[in-house]
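**Student:** Provided below for reference: sequence and predicted model.
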Amino acid sequence: MDASALTAHGEARDAGFYLTALIYAHHLWQRGLAARAVLAIDRALGADLRGDEVVLQQWPLPYAAQAWFLRHTPADVFIGNPRVHFQHLADRMNEPRREQRRWRIWACWAICRAVRPEFPADAKHIVAEPTEPEIFDRLSRYGVTDEARMWQQVLNGSKKQRPQ
């Protein structure tokens with residue numbers, strides 16, 4: 001499997017694209033490509049879903065998967081600095097569905113800060129970092145039903161598992 005699996009969907013960013021992006025992320029992870037797996041999760045989160053798609057019943061929005069990838073990346077596997085990646089992506093997001101996609105990436109940024117607090121922000125990229133309540137509010141506004149609660153559960157669980 002390679003990126004052509006995603007491009008095969010053309011412009012469609014529907015439930016089929018979503019599932020393909022999740023499968024591709026898993027494939028990349030199994031190949032030891034953690035950084036690319038994180039990017040594939042980003043792609044899945046960019047899918048145009050209403051929340052009632054059947055695929056979401058079995059494969060909910062991948063906030064928990066993102067946290068798992070971040071937590072379980074072996075020390076000798078390249079992952080880059082996902083905090084900076086999320087910061088840049090969220091700040092530079094464009095249409096379509098800019099606000100929904102932007103706040104999903106900020107949600108991943110918050111998860112990254114909880115799971116991997118050792119990753120620094122990009123001091124050269126000045127951006128107003130949102131608060132957790134602000135992310136929750138925007139996911140409630142722009143996300144699918146129950147998305148904000150789902151993200152908050154993953155975030156809170158990530159904080160409990162944080163190394164001391």
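**Tutor:** Arrived safely, thanks for sending.
**Student:** now do the contacts for residue 149.
**Tutor:** By Cβ atoms under 8 Å, 6 or more residues apart in numbering, the contact list for residue 149 is empty. (Glycine included, C-beta is placed from N, CA and C.)
**Student:** for the helix or strand harbouring it, what is the distance to the chain centroid?
**Tutor:** If you go by DSSP states H and E, residue 149 is part of helix 147-160. Distance, stretch centre to chain centre, for helix 147-160: 13 Å (Cα atoms, centre = their mean, to the nearest Å).
**Student:** mind listing the strands for this structure?
**Tutor:** With DSSP state E, there are no strands along the chain.
**Student:** can you give me the helices for it?
**Tutor:** For the chain, the helices defined by DSSP state H occupy 4-7, 15-30, 34-45, 54-58, 63-72, 82-91, 98-115, 132-142, 147-160.
**Student:** mind putting those helices in a markdown table, mean pLDDT and distance to residue 121 included?
**Tutor:** Listed next are those as a markdown table, based on pLDDT from 0 to 100; distance: least, Cβ to Cβ, whole Å:
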| stretch | mean pLDDT | distance to residue 121 |
| --- | --- | --- |
| helix 4-7 | 94 | 29 |
| helix 15-30 | 98 | 24 |
| helix 34-45 | 97 | 17 |
| helix 54-58 | 96 | 32 |
| helix 63-72 | 97 | 16 |
| helix 82-91 | 96 | 6 |
| helix 98-115 | 97 | 9 |
| helix 132-142 | 98 | 16 |
| helix 147-160 | 95 | 17 |
